[in-house]
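Novice: Here is the input, now give the coordinates:
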Amino acid sequence: MIVLSREEDEFGKKLFENLRKYKEGVEQFDFSYNIFPDDEPLVRFSGPPLYSITKGKIRFPRTSQKVRESVKGNYVVFVNRGASGKDWKPVHEFVNAWASAKYLKEEMGAEKVCVIMPNMPFAKQDKYFYDEEGNRVEEAITVKYIRSVLKNFSNADLLISVTPHDFRKTGWIVKDENPEMGWKRNEKNQIVDSEGRVILPEPENWTGFAYAIDVTPKLVEYVFKELENPYVVGADKSVKNVIKEIKEKYANIDGTFSEKFRNKYFNEMLEVEIKDLPKSLKGLDVVLIDDVIITAGTMYKQIQEIKKRNPKSITCAAVHGEFSYNQQGISGLDVLRNEGANVIVTNTIETPVSVVDVTPEVAKELYELFK
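Specialist: Residues are numbered from 1 along each chain as shown. Alright, predicted model coming up:
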């Protein structure tokens, strides 16, 4: 088995070291990641880029013969992890995964290719949405099509992502009837919500191809171990089950979740209401939790309400830290730090606060799926 990861990317190196605990003979190679002036990405399986004395610029050599010989007839794991803030480029992640998987399989002769995208790009548009008047917003379900392209047009054999936005549990991604969310099939085999509105045009079954690894429990365990009196607040209804599981596992911890209210035309968030928030949070270490932090707009509004109740501390935790920049040019990370909050995310994305290493969980599941 070969692990290919971006040069100087610690996620790939740690995954390799953890994978060696399960399987002998695993090799690891770097690939170079070049961005052209017009923002087009290029991957080359050639090791570190070289500085040309004669040309006076960085040059990327061609794919090395050693890598080619190792890949041919072997199982290959292509690890494609992005960086946060202005370096977060989901289009690059997708293009690199698609083109590299196809190249590894068709041109370099890999027996099987597994693509690992720790933070699945384009996963936020994961179903049909409706405005306040009940009219469906006609938009593409992007994560469905991204998975389809990777499956049908890259010849990848396996796609692994960590706590994807649309499937927050470990297992093959299957989007079908869901009693907890009130989803069921109608007579046309469409998936509808509790109000009878079509959420998905048809069930989705990605068994055998797209696999999710939920690391929320590890994130929660890491955050809580340093806090004396935690009180947890979920970002929205999608984290409601997480809050429920936390309260069941940690009997001494209480918590709630929030509800967002958006502008029906522009999908802009107007208000965030924290359900049943105690009048006083004195002496409590409040933990705000979500699957991803982007501009931190939700958590910022939560913090304003929480501060009125005098908490002992505020910690913002998420699996993925995209930390995009808001309209004022401030990153999501700085928005939270400016409010005095401690910020903790996993290493699915390269950030200054990626302190929770999830590669042991990924390596374990990868070995069972790809051995």
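
Novice: What are the buried residues along stretch 197-212?
Specialist: Within stretch 197-212, the residues that count as buried by 16 or more other C-beta atoms under 10 Å are 198-200, 204, 206, 209-212. Yep, even glycine has a C-beta here, placed from its N, CA and C like the rest.

Novice: Give me the contacts around it.
Specialist: The contact list for stretch 197-212 (C-beta atoms under 8 Å, 6 or more residues apart in numbering) reads 127-128, 130, 134, 136, 141, 144, 147, 151, 156-164, 167-177, 183, 185-186, 189-193, 365, 369.

Novice: Can you flag the buried ones in the residues you listed?
Specialist: Applying 16+ other C-beta under 10 Å to those flags 127-128, 141, 144, 147, 151, 156-164, 167-168, 170, 173, 175, 183, 190-193, 365 as buried.

Novice: ok, back up a step: in the buried residues of stretch 197-212, find the pair that's most separated.
Specialist: Across the buried residues of stretch 197-212, no pair lies farther apart than 198 and 211, at 26.5 Å, counting by C-beta to C-beta.

Novice: can I get the buried residues of stretch 197-212 in JSON lines with distance to residue 302?
Specialist: Supplementary listing: the buried residues of stretch 197-212 in JSON lines, determined by distance: C-beta to C-beta, whole Å:
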{"residue": "198", "distance to residue 302": "31"}
{"residue": "199", "distance to residue 302": "26"}
{"residue": "200", "distance to residue 302": "29"}
{"residue": "204", "distance to residue 302": "31"}
{"residue": "206", "distance to residue 302": "33"}
{"residue": "209", "distance to residue 302": "36"}
{"residue": "210", "distance to residue 302": "32"}
{"residue": "211", "distance to residue 302": "32"}
{"residue": "212", "distance to residue 302": "26"}
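
Novice: export the residues you listed to JSON lines and tack on pLDDT, secondary structure and distance to residue 8?
Specialist: Below are the buried residues of stretch 197-212 laid out as JSON lines (pLDDT from 0 to 100; DSSP: H, G, I helix; E, B strand; the rest coil; distance: C-beta to C-beta, whole Å):
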{"residue": "198", "pLDDT": "94", "secondary structure": "strand", "distance to residue 8": "46"}
{"residue": "199", "pLDDT": "93", "secondary structure": "strand", "distance to residue 8": "41"}
{"residue": "200", "pLDDT": "95", "secondary structure": "strand", "distance to residue 8": "40"}
{"residue": "204", "pLDDT": "96", "secondary structure": "strand", "distance to residue 8": "36"}
{"residue": "206", "pLDDT": "97", "secondary structure": "coil", "distance to residue 8": "32"}
{"residue": "209", "pLDDT": "97", "secondary structure": "coil", "distance to residue 8": "30"}
{"residue": "210", "pLDDT": "98", "secondary structure": "strand", "distance to residue 8": "28"}
{"residue": "211", "pLDDT": "98", "secondary structure": "strand", "distance to residue 8": "27"}
{"residue": "212", "pLDDT": "98", "secondary structure": "strand", "distance to residue 8": "27"}
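
Novice: and which of those residues is nearest to residue 305?
Specialist: Proximity of those to residue 305 (C-beta to C-beta) peaks at residue 199, which lies at 29.9 Å.

Novice: Next, the buried residues of the longest helix along the chain.
Specialist: Secondary structure of the chain per DSSP state H: the longest helix is helix 90-106. By neighbour count on 16+ other C-beta under 10 Å, the buried set for helix 90-106 is 90, 92-98, 100-105.

Novice: before we move on, back to that, restricted to strands, list the contacts of stretch 197-212.
Specialist: 130, 136, 158-162, 171-172, 174-175, 185, 191-192 (DSSP state E).

Novice: In JSON lines: the residues you listed, plus distance to residue 286 and pLDDT.
Specialist: Formatted as JSON lines, the ones in strands among the contacts of stretch 197-212 follow (distance: C-beta to C-beta, whole Å; pLDDT from 0 to 100):
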{"residue": "130", "distance to residue 286": "32", "pLDDT": "83"}
{"residue": "136", "distance to residue 286": "37", "pLDDT": "87"}
{"residue": "158", "distance to residue 286": "39", "pLDDT": "97"}
{"residue": "159", "distance to residue 286": "36", "pLDDT": "98"}
{"residue": "160", "distance to residue 286": "33", "pLDDT": "98"}
{"residue": "161", "distance to residue 286": "29", "pLDDT": "97"}
{"residue": "162", "distance to residue 286": "25", "pLDDT": "98"}
{"residue": "171", "distance to residue 286": "31", "pLDDT": "97"}
{"residue": "172", "distance to residue 286": "35", "pLDDT": "98"}
{"residue": "174", "distance to residue 286": "35", "pLDDT": "96"}
{"residue": "175", "distance to residue 286": "32", "pLDDT": "95"}
{"residue": "185", "distance to residue 286": "40", "pLDDT": "96"}
{"residue": "191", "distance to residue 286": "35", "pLDDT": "96"}
{"residue": "192", "distance to residue 286": "36", "pLDDT": "95"}
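
Novice: Paired strands for the helix or strand just after the longest helix of the chain, with orientation please.
Specialist: Using DSSP states H and E, the helix or strand that follows helix 90-106 in sequence is strand 112-116. With DSSP bridges as the test, strand 112-116 is paired with strand 75-79 (parallel), strand 158-162 (parallel).
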